[in-house]
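S.K.: here are the coordinates; sequence isn't available:
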């Protein structure tokens, strides 16, 4: 009897106490779900974290340290003697080695010319390949061949076999044969130069266009990934939008500027950044080649210093492009 | 009113039990054709179509011509190189160049090695980048933005910046605890008799495997980025319903998300495989000693059997180009089978900001 009353009392007392604790528990549970999700997120990216911590950060730090030191083969054993010498390597790269700064500046100028051409060209081709063209599948297959096989290797071969390229250029009279764009446009360059001289629009634009035409094959080869990304972006625009535009009487030309371009502007941004990164870090560009010859033939720490300077340039370039383009991007609001 | 209607009504030409042929009064066929085709907008469209096609043909020509000329040159014999009248198409075709490359340079051995190396790294990279991309796309956790910025960072750092340090890392491989670099400043090579301080991993499969496992290999930043974009396009409801049914995160990933992402994974695999195949940076850096004989090693090697009296320069250059062709030929074959997925996978990735 006494026991029963006690029990009842307990339940009565417990009843109000249960509620807040239940609420608390529920809240704690919600937090733990978040935490659990966060934990599995960490687990998924764990390989990358490990890679960064074990390999990448040490390598980056070491690389920076090498750029600040001198490296000599040690007298005993087969190792190297590393000595801290401050910024001497950087000084040598910038002021002693005269051709490095020259290569750097001309290389950057060349790439700055190429980047807008590549982005515009790949967008143009993507738009065309997205339309219903005769033999679209075949053209697509051809256009993505460079993605697969125009890496540093083929450029390397082309650079090594310039004699052959000249020979073939002679044979084919004015058709660019070099994979890396080394052959000559015997006819077209001259005539286009004349055309621009007659048009009197200023030599700068003329040289820009001529440069772009001269490098057409190298530009086509560097467009592959960008073209893929643009195609994906174009495919993702809802056909309903185009339909409603045509019902409202918009021409294709208007639709392109008012609909297509704003809709894919995030991808233009991504592609611009990718193009900057890709053309600056590809092994076929002049600066990278110069650095690797320095690595092989001269001093390895100096090449590390050069590479760090070059990396600083890339960071600056990427951030300039990012800042310039950020204002023009239109983000489509995703339905909540 | 009535009259009018009757005039406009279809005239019955032939009538049977279940078939009727009628004739409408309508503008003649020629008129209709004229209206349809003889206006500015149709002519404009037609012109645009022709121009478009011509442009595509022209660009395809620019892409394919080097291959064509190289293929042709690879069949040329000594006589062709000397003969001035030979333009592009050889008059005395021969397979000597191919034979010489296969025999003198042990082409097939290099092919096998490269195939295994590319296959292993591509498979590992595809899988690892898929996992990492999924983690970035679907989970919010503290530090995810910084980590993703680091992914972009690994893309930006040029090869040559980490060249020397990467080589030293794998030549004298150790992980933090075994560092003797910071201590004495003397990098000691592996000396089995005198205390193991570091392991030489160059010339083996390990360096690339380690880099791929960490998601920091060649262009892995791009793969992670693409995978992340792809997974952001996959609706969350799909996984949520699986969670509600009691499936764990990893089971959901393996059973539901992975099968979905096959086209994208094929794209990544194709990129990874072919870029590893033709990569020169890692081959030069880590496989410079001939422990592992790879296809890029063939470039620039002298070919003793091709000893011409005349036109030696051109013959050698043509042989180099032939080597290039033979290096990418297997890739082209793989590409022809997979190219459909290349576009498909990317198309499905969609865009999310």
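M.R.: Sure thing, it's come through. As the structure is a prediction and not an experimental result, all values here were calculated from the model.

S.K.: so who does residue A:93 touch?
M.R.: Counting by C-beta atoms under 8 Å, 6 or more residues apart in numbering or on different chains, residue A:93 touches A:100, A:302, A:305, A:306, A:309. All C-beta atoms are positioned from the backbone trio N, CA, C, and that covers glycine.

S.K.: can you count the residues close to the residue in chain A positioned nearest to chain B?
M.R.: Closest to chain B within chain A is residue A:51: 1.9 Å, counting by C-beta to the nearest C-beta. Neighbours of residue A:51 under the rule other C-beta atoms under 10 Å in any protein chain shown: 23.

S.K.: for residue B:314, same thing?
M.R.: With other C-beta under 10 Å as criterion, residue B:314 counts 22.

S.K.: quick one: it and residue B:78 touch, right?
M.R.: No. Residue B:314 is not in contact with residue B:78 according to C-beta atoms under 8 Å; the separation is 9.9 Å.

S.K.: Remind me which helix or strand the closest residue to residue B:73 other than its chain neighbours belongs to.
M.R.: With C-beta to C-beta, 6 or more residues apart in numbering or on different chains as the criterion, residue B:73 has its nearest non-adjacent residue at 4.5 Å, and that residue is residue B:318. Residue B:318 is part of helix B:312-349, with elements assigned from DSSP states H and E.

S.K.: What average pLDDT does that helix get?
M.R.: The pLDDT scores in helix B:312-349 average 77.

S.K.: roughly how far out does that helix sit from the chain middle?
M.R.: 9 Å (C-alpha atoms, centre = their mean, to the nearest Å).

S.K.: all helices for the stretch 201-336 of chain A, in order.
M.R.: A:203-214, A:216-221, A:224-235, A:239-247, A:252-255, A:261-263, A:265-281, A:286-297, A:300-326 (DSSP state H, counting those that start in this stretch).

S.K.: Next: the stretch 1-150 of chain A.
M.R.: Going by DSSP H, counting those that start in this stretch, the stretch 1-150 of chain A shows helices at A:2-51, A:57-67, A:88-91, A:98-130, A:136-143, A:145-149.

S.K.: Kindly provide the distance from the residue nearest to the residue of chain A closest to chain B when sequence neighbours are not counted to residue A:52.
M.R.: Spatial nearest neighbour of residue A:51, chain neighbours left out: residue B:214 (1.9 Å); criterion: C-beta to C-beta, 6+ apart. Using C-beta to C-beta, to the nearest Å, one obtains 7 Å as the distance from residue B:214 to residue A:52.

S.K.: picking up where we left off before, possible to save the helices of the stretch 1-150 of chain A as a markdown table with mean pLDDT?
M.R.: As requested, those are exported to a markdown table (pLDDT from 0 to 100):
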| stretch | mean pLDDT |
| --- | --- |
| helix A:2-51 | 62 |
| helix A:57-67 | 83 |
| helix A:88-91 | 78 |
| helix A:98-130 | 86 |
| helix A:136-143 | 84 |
| helix A:145-149 | 78 |
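
S.K.: hey, which of these is tucked in deepest?
M.R.: With neighbours taken as mean count of other C-beta atoms under 10 Å in any protein chain shown, the helices of the stretch 1-150 of chain A reach their highest mean count in helix A:145-149, at a mean of 22.

S.K.: Can you spell out which helices and strands pack onto that helix?
M.R.: helix A:224-235, helix B:40-74, helix B:262-277, helix B:312-349 (3 or more C-beta pairs under 8 Å, 6 or more residues apart in numbering or on different chains; DSSP states H and E).

S.K.: For residue B:148, which of the ones you listed is the nearest?
M.R.: helix B:312-349 (16.6 Å; C-beta to C-beta).

S.K.: What strand or helix carries residue B:136?
M.R.: Element membership for residue B:136, per DSSP H and E: helix B:107-138.

S.K.: Tell me the first helix or strand C-terminal of that helix.
M.R.: Assigned by DSSP H and E, the successor of helix B:107-138 is helix B:144-156.

S.K.: List of residues touching the helix or strand just after that next one?
M.R.: Using DSSP H and E, the helix or strand that follows helix B:144-156 in sequence is helix B:159-171. Contact with helix B:159-171 is made by A:55, A:58-60, A:62-63, A:66, A:281, A:283, A:288, A:291-292, A:295, A:300-301, A:303-304, A:306-308, A:310-311, B:187, B:189, B:200-202, B:206-207, B:281, B:285-286, as judged by C-beta under 8 Å, 6+ apart.

S.K.: Out of those, which end up buried?
M.R.: Neighbour counting with 16 or more other C-beta atoms under 10 Å in any protein chain shown marks A:55, A:58-60, A:62-63, A:66, A:281, A:283, A:288, A:291-292, A:295, A:300-301, A:303-304, A:306-308, A:310-311, B:187, B:201-202, B:207, B:281, B:285-286 as buried within the contacts of helix B:159-171.

S.K.: Measure how buried residue A:299 is and give me the count.
M.R.: 17.

S.K.: Please determine how far it is located from residue A:318.
M.R.: According to C-beta to C-beta, residue A:299 stands 28 Å off from residue A:318.

S.K.: swap in residue A:281?
M.R.: 11 Å.

S.K.: so what's in contact with those two at the same time?
M.R.: What both residue A:281 and residue A:318 touch, as defined by C-beta under 8 Å, 6+ apart, is the set residue B:156.

S.K.: still on that earlier bit, export the helices of the stretch 1-150 of chain A to TSV and append columns for distance to residue A:239.
M.R.: Output for the helices of the stretch 1-150 of chain A, formatted as TSV (distance: least, C-beta to C-beta, whole Å):
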stretch	distance to residue A:239
helix A:2-51	35
helix A:57-67	47
helix A:88-91	55
helix A:98-130	11
helix A:136-143	17
helix A:145-149	27
